[in-house]
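Enquirer: Fold the following and give me the result.
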Amino acid sequence: MPARATPICTSWRHPHRCPVSCRPSHSATKNAGWVERPGPGVTGFVPGDPVIVYGSWGCGVCANCRQGRENYCQNLGGQGPGLGGGHDGGMAEYLLVPAARYLISLGTLDPRQAAPLNDAGLTSYHSVKRSLHLLGPGSTAVVIGAGGLGQMTIQILRALSAATTVVAIV
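Expert: All right, here's what the predicted structure looks like:
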């Protein structure tokens, strides 16, 4: 897949602190684009399909991966999850995705609009989802900061919960 929608990682502003896995050819874990050529045995995708690439690539066989929690993979061998763990990322000419399970069809959504949702959207959704059982009517959720992640968290809270949202700007 040619990576065509890849927001720039803010850690690149400090390359001296950035590990090898964060260099441009490897990094860029927020990827979306159009399928170039599905690999052998891949079904459900054809050339030109707009997709977003899930960035946490686990082994697929450990207990966490089998539960859909590949970001907590137990068998990474020290490489780190998914993109940035030795695989070329979205700043490479092409992004080779090792399994169709890491592709999410975007339907009519433009990959350039969807790419930031991969990281910021999933991070915010994960934090809200873990506490959703506590966020019923009459409860209050506090979001600390209103940057990119904070803005996304506020929107997800409003969409999924009946809680009052308080934003602390520090």
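Enquirer: quick one: low-confidence parts of this protein?
Expert: Scanning the chain for pLDDT under 70 picks out 1-29, 76-91.
Enquirer: and the closest residue to Asn118 other than its chain neighbours, how many neighbours does it have?
Expert: Distances taken as Cβ to Cβ, 6 or more residues apart in numbering place Lys30 nearest to Asn118, at 4.6 Å, with adjacent residues excluded. Every residue, glycine included, has its C-beta placed from N, CA and C. For Lys30, the count of nearby residues is 25 (other Cβ atoms under 10 Å).
Enquirer: Quickly find the element holding Leu122.
Expert: Using DSSP states H and E, Leu122 falls within helix 122-131.
Enquirer: And for that helix, what's in contact with it?
Expert: Here helix 122-131 makes contact (Cβ atoms under 8 Å, 6 or more residues apart in numbering) with Leu135, Ala141, Leu149, Met152, Thr153, Gln155, Ile156, Leu157, Leu160, Ser161.
Enquirer: With secondary structure, neighbour count and distance to Gly68 as extra columns, can I get the residues you listed in JSON lines?
Expert: As requested, these are exported to JSON lines (DSSP: H, G, I helix; E, B strand; the rest coil; neighbours: other Cβ atoms under 10 Å; distance: Cβ to Cβ, whole Å):
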{"residue": "Leu135", "secondary structure": "coil", "neighbour count": "18", "distance to Gly68": "22"}
{"residue": "Ala141", "secondary structure": "strand", "neighbour count": "20", "distance to Gly68": "24"}
{"residue": "Leu149", "secondary structure": "helix", "neighbour count": "17", "distance to Gly68": "22"}
{"residue": "Met152", "secondary structure": "helix", "neighbour count": "22", "distance to Gly68": "21"}
{"residue": "Thr153", "secondary structure": "helix", "neighbour count": "24", "distance to Gly68": "21"}
{"residue": "Gln155", "secondary structure": "helix", "neighbour count": "15", "distance to Gly68": "23"}
{"residue": "Ile156", "secondary structure": "helix", "neighbour count": "19", "distance to Gly68": "19"}
{"residue": "Leu157", "secondary structure": "helix", "neighbour count": "22", "distance to Gly68": "22"}
{"residue": "Leu160", "secondary structure": "helix", "neighbour count": "13", "distance to Gly68": "18"}
{"residue": "Ser161", "secondary structure": "coil", "neighbour count": "19", "distance to Gly68": "22"}
